[in-house]
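Predicted coordinates and the sequence they were generated for:
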Amino acid sequence: VSLAAMLVGGLKLTMLFPYWISQLCGGLIGATLAKAVSPEDRFWNATGAAFVTVQESEQVAGAVVAEVILTTLLVLTVCTGAINEKTLGPLAPFCIGFSVTVDILAGGAVSGACMNPARAFGPAMVANHWDY
């Protein structure tokens, strides 16, 4: 989303890398907090299905396609609802939240519906789980 925001003029290039670093740190902090408050046997589910959805090599291609589609829906919603001055409206937060909800419901069982590399990085780092 940050890259798309920069490409359409909603974010300056000089702010892109600090945003990415902040997002990676946020994903790491969120996963650490999830691990801290979850019993060990439930942490895998607390990571938001980041690890339990894709279990075999045959599932990777479908998961990647699903993530591309889910992320595209989110990026288009953010860019048209919150960044583009012609289509900017007061319902942008609702639309973004709705698109995230739809993404999770549609893609959660296929790929875990991360929609963001930082969202996948934090749990992977905390759990030291780098398969798929």
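Ah, there it is. Numbers count the residues shown, from 1 in each chain.

Setting the sequence-adjacent residues aside, check what's closest to Leu13.
Nearest residue to Leu13, sequence neighbours excluded (Cβ to Cβ, 6 or more residues apart in numbering): Met6, at 6.0 Å. Backbone N, C-alpha and C define where each C-beta goes, glycine included.

OK, contacts around the one you found?
Counting by Cβ atoms under 8 Å, 6 or more residues apart in numbering, Met6 makes contact with 12-13, 15-16.

Next step: those residues restricted to helices.
Cross-referencing the contacts of Met6 against helices under DSSP state H gives 13, 15-16.

Which members of those residues are classed as buried?
Buried members of the ones in helices among the contacts of Met6, scored by 16 or more other Cβ atoms under 10 Å: none.

so where does the residue nearest to Leu13 fall, helix or strand?
Assigned by DSSP states H and E, Met6 belongs to helix 2-7.

mind checking how far that helix is from the chain centre?
15 Å (Cα atoms, centre = their mean, to the nearest Å).

so Thr77 makes contact with Cys95?
Yes. Here Thr77 reaches Cys95: they are 5.5 Å apart, a contact under Cβ atoms under 8 Å.

which one of these two has more residues nearby?
Thr77 (20 against 15; other Cβ atoms under 10 Å).
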